[in-house]
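Q: 3D model of this:
(one chain, ligands or ions: 1)
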Amino acid sequence: MSHSTIAPPSAAAVPAVVNGITEASALPTSAAASTSDINSQTTAVPAVPPKRSKKVKRLHKKDIDDVLMRDIIDLRGHDHWTWDPANPAPFHNFEELEVTIGSLAQSGEGLALLPDRGDGWIVVVPFVIPGEKVKARVYRHNWGYSYADLVEVIEPASNRLTQEKILCKYFSQCAGCQLQHISYTDQMEFKKQVVDNAFKNYAGKYYASLPPVDPVSQSPLHSHYRTKITPHFEALNPKHQSAGVAQSVNIGFMQAGKRRILDIEECPIATPILNEGMAAMRAKVKENITSYKKGATLLLRESNPVVPGTESNDPPSTTKICITDHKASITEWVGKFRFDYPAGSFFQNNNSILPSLIGYVQQQLHLPLSPSSSESDVATTTSVEGDTNGLLGSSVSLNREIRYLVDAYCGSGLFGITCHEGFKKVLGVEISAASISCATNNLVLNKLSTETTAFHLDDADKIFAHIDFPADETALIIDPPRKGCSEEFLDQMVAFLPARVVYVSCNVQTQARDLQGLLDRCHAKGLPGYKVEAIRGFDLFPQTRHVEGVMTLTRL
Ligand SMILES: C[S@@+](CC[C@H](N)C(=O)[O-])C[C@H]1O[C@@H](n2cnc3c(N)ncnc32)[C@H](O)[C@@H]1O
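A: Here you go, the predicted structure:
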């Protein structure tokens, strides 16, 4: 093999990992080739002195491997490696090791440091707890670290949940959940740390002046909360089919660390109606499996449409149904508000926590603008933790100074509509035509005036081009996709300078990076910038490593 193709840990060379699966296609061709070479290595610990030394450079922030690399550096205590390209991984193929877990990475995986292997090699093991001694089998190697399967927990941590308390029989095989083996309280602690680490690692010098991260707001439902699931299946192998070889079909989710689908009949984090739908869908796919030339991803989404009363004078009510057609319309209720949207488009997946998330966003939007604001200026809102009726049934008395709301990346209007009270005008911007037409329809469904609330189809990068709101009286909600805001978005934001910003994000690393980008831009222009009022996680994704971050900024 040619060692020259084995790259040191730069963003370009480190494969992107999605759901624990390395995407070979994300690699440049030579690096992809070298990865398979590494996998076929059978070398042991390098016997020769290290040949070269590399300092880890600033890595690409959007790459999950960069996030992992920072956790690895934290555990090693330094970011220098000596590395022997002739022996890139100090293990035999599929070697089994006994390791002690030193820390949990933000991916939810455990990290174990092996000081005697290579130059201090890290092994990444899923479904473990710091302090545990485990047996792990290495199966894939990157520069300075290897991925391993958990084979056995030899010495469990005292806070590991016993098997009967674990929700799902597929936990530790399925890639969907990472944290079912720890209590919900421990999950909240982990997620708070994830938020804090994101700002420590990606907010640069601004981290030092941030307020302490608030405790994570809990989800009312810890299981059966997901209103959307997307199981996959693969078509039968035509060669086996023509040879009459019996084949089973797996319909479910990706297996942890593998490129295989795990057959799953029931998912305990999905709502009951979705599990009913999954049983029916599985039966239908199995019945028709020979007609599929290719595999597919199925969609199951909960909808709560209004149904008329059975008798003529019965009031209408809602019922839960499972929708499987991407183009069909979903109806979802958030407190008193109704949202209709196409099944294939974006909507938050945990309805149970939306009232408290929105209550908090409302409260943050209306925080007083300056410490000198009098009591009477301060908005009256509900408490943070899930006062559903108070929040969504009450009106918000307006802080005197904030009168306009811009909802960037508005989707089908969730924040613009639920937070509209107390604003003179609300404008949402969204790039998906389907979502914008739903947002506009949702205005009508909720009997909101289209004179005061409007949704525009546009790129958020141009959001301020058509806005004539006074910046001093404008609050901005940002809720971008995982990749965060573009440079152009931040440029125009600094040109406009809204008085208040509430940034909601399903990726706290890009959120923290954007904070740095925003403050750097302000300082480059000699502007005082923004004060970070609060940073708080919301647990939209119980049992998984994911956390939604909400950050509030006030212009100085
Ligand atoms: C995380 S979702 C948030 C949607 C909405 N705020 C909600 O909570 O339902 C992000 C949204 O940003 C939209 N989007 C992505 N890129 C965009 C862009 N450049 N300009 C405007 N919207 C964009 C997506 O279509 C998606 O609806």
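Q: And what about residue 327, helix, strand or coil?
A: Per DSSP: H, G, I helix; E, B strand; the rest coil, the secondary structure class of residue 327 is coil.
Q: Helix, strand, or coil at the residue in the stretch 351-500 of the chain that the ligand sits nearest to?
A: Residue nearest to the ligand within the stretch 351-500 of the chain: residue 411 (2.8 Å; Cβ to the nearest ligand atom). Placement of C-beta: from N, CA and C, glycine included. Remark: residue 411 carries the secondary structure label coil [criterion: three-state DSSP].
Q: Give me the buried positions along stretch 434-448.
A: Applying a neighbour-count criterion of 16 or more other Cβ atoms under 10 Å, one finds 434-443, 446, 448 buried in stretch 434-448.
Q: Distance to the ligand and secondary structure added to these, as a markdown table?
A: Compiled in a markdown table, the buried residues of stretch 434-448 are given as follows (distance: Cβ to the nearest ligand atom, whole Å; DSSP: H, G, I helix; E, B strand; the rest coil):
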| residue | distance to the ligand | secondary structure |
| --- | --- | --- |
| 434 | 9 | helix |
| 435 | 5 | helix |
| 436 | 9 | helix |
| 437 | 13 | helix |
| 438 | 10 | helix |
| 439 | 9 | helix |
| 440 | 14 | helix |
| 441 | 14 | helix |
| 442 | 11 | helix |
| 443 | 14 | helix |
| 446 | 15 | coil |
| 448 | 16 | coil |
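Q: Which single one of those residues is nearest to residue 131?
A: When the buried residues of stretch 434-448 are compared for distance to residue 131 (Cβ to Cβ), residue 435 wins out at 45.6 Å.
Q: Was I right to think residue 118 contacts residue 90?
A: Yes: counting by Cβ atoms under 8 Å, residue 118 does reach residue 90; the two are 4.1 Å apart.
Q: Of these two, give the one with the bigger neighbour count.
A: Shown here are residue 118 and residue 90; by other Cβ atoms under 10 Å, residue 118 has more neighbours (24 against 21).
Q: any idea of the pLDDT on the more buried one?
A: Looking at residue 118, its pLDDT is 78.
Q: Repeat that for residue 123.
A: Residue 123 is assigned 97 on the pLDDT scale.
Q: Which strands and helices lie in contact with the helix or strand hosting it?
A: Residue 123 belongs to strand 121-125 when assigned by DSSP states H and E. Contacts defined by 3 or more Cβ pairs under 8 Å, 6 or more residues apart in numbering; DSSP states H and E place strand 121-125 against helix 64-76, strand 96-100, strand 110-114, strand 133-142, strand 145-155.
Q: With respect to burial, which of the ones you listed scores highest?
A: Ranked by mean neighbour count, those are led by strand 110-114 with a mean of 23 (mean count of other Cβ atoms under 10 Å).
Q: how about the buried residues of stretch 434-448 in TSV, adding pLDDT?
A: Listed next are these as TSV, based on pLDDT from 0 to 100:
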residue	pLDDT
434	92
435	93
436	95
437	95
438	95
439	97
440	97
441	96
442	97
443	97
446	96
448	96
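Q: Ends of stretch 458-465, what's the gap?
A: End-to-end distance of stretch 458-465 (Cα to Cα, to the nearest Å): 10 Å.
Q: do that stretch and the ligand meet?
A: Yes: Stretch 458-465 lies within reach of the ligand by Cβ under 6 Å from any ligand atom, at 459-461.
Q: Could I have the buried ones of those as PyMOL selection syntax?
A: Of the residues of stretch 458-465 next to the ligand, the buried ones go into a single PyMOL selection, burial set by 16+ other Cβ under 10 Å:
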select buried, resi 460+461
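Q: Helices - which of the residues of stretch 458-465 next to the ligand land there?
A: When DSSP state H is applied, those are split such that none fall in helices.
Q: Which elements pack onto the strand or helix carrying residue 190?
A: Taking DSSP H and E as the definition, one finds residue 190 inside helix 184-202. If you count contacts as 3+ Cβ pairs under 8 Å, 6+ apart, helix 184-202 packs onto helix 64-76, strand 214-217, helix 508-524, strand 530-538.
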